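> Sequence plus predicted model, see below.
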Amino acid sequence: MASVFDVAAYILEKRGPMTTWKLQKLVYYCQAWSLIWDDAPLFPETIEAWANGPVVRPLFEAHRGCFSIEEIHGGDPQNLTPDQKETVNAVLDYYGDKPSQYLSDLTHIEAPWCNARRGIPDHERSDAEITLESMAEYYSSLAPEDE
């Protein structure tokens with residue numbers, strides 16, 4: 001299975017430098033849609049419901065203190081299968097041109113993040129997990145019937 005670093009490296013290879021927050025949101029949406037389109041997670045790392053939206057902590061730790069990121073050390077885009085690359089490409093086609101604030105706002109109105117943060121004040125830190133099950137349930141309701 002690919003790692004979150006492999007997915008992030010592929011995203012950066014395809015889209016070039018971006019803010020770390022945008023990268024986090026794109027990785028999240030890649031995981032979500034992989035659960036629907038490929039019936040499997042794209043990477044094994046846990047996604048947490050932080051105040052600014054979904055975050056994969058190991059990826060955050062790798063770029064801590066950076067506003068923008070150009071490359072991911074330890075990530076290899078070649079570790080993604082052709083089907084996984086197709087999923088990431090579809091996510092990038094839809095979400096890739098949207099600003100990081102838009103993506104953050106979008107995650108804040110979607111059930112997986114909202115449910116994981118239930119009872120936690122808006123700006124309070126949290127390591128609450130956004131489960132794969134909650135992502136699959138929510139995003140499957142958005143997918144066209146033929147998916």
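Done, it's in. Numbers count the residues shown, from 1 in each chain.
> Surely Gln84 is in a helix?
Yes: counting by DSSP: H, G, I helix; E, B strand; the rest coil, Gln84 falls inside a helix.
> ok, longest helix in this protein?
In the chain, taking DSSP state H as the definition, the longest helix is helix 20-37.
> helices or strands up against that one?
In terms of contacts (3 or more CB pairs under 8 Å, 6 or more residues apart in numbering; DSSP states H and E), helix 20-37 is packed against helix 4-15, strand 53-55, helix 57-62, strand 68-69, helix 82-95, helix 100-108, helix 132-140. Any C-beta I mention is one placed from the backbone N, CA and C, and that applies to glycine too.
> buried stuff in the last one?
Right, helix 132-140. Leu132, Ser134, Met135, Ala136, Tyr138, Tyr139 (16 or more other CB atoms under 10 Å).
> give me the beta-bridge partners of Thr19?
Beta-bridge partners recorded for Thr19 (DSSP bridges): Ser68.
> Wait, it touches Ser100, no?
Yes: using CB atoms under 8 Å, Thr19 is in contact with Ser100, at 4.9 Å.
> rewinding a little: and the average pLDDT for the longest helix of the chain is what?
Mean pLDDT, computed over helix 20-37, is 98.
> residues of it that come out buried?
Per 16+ other CB under 10 Å, helix 20-37 contains these buried residues: 20-37.
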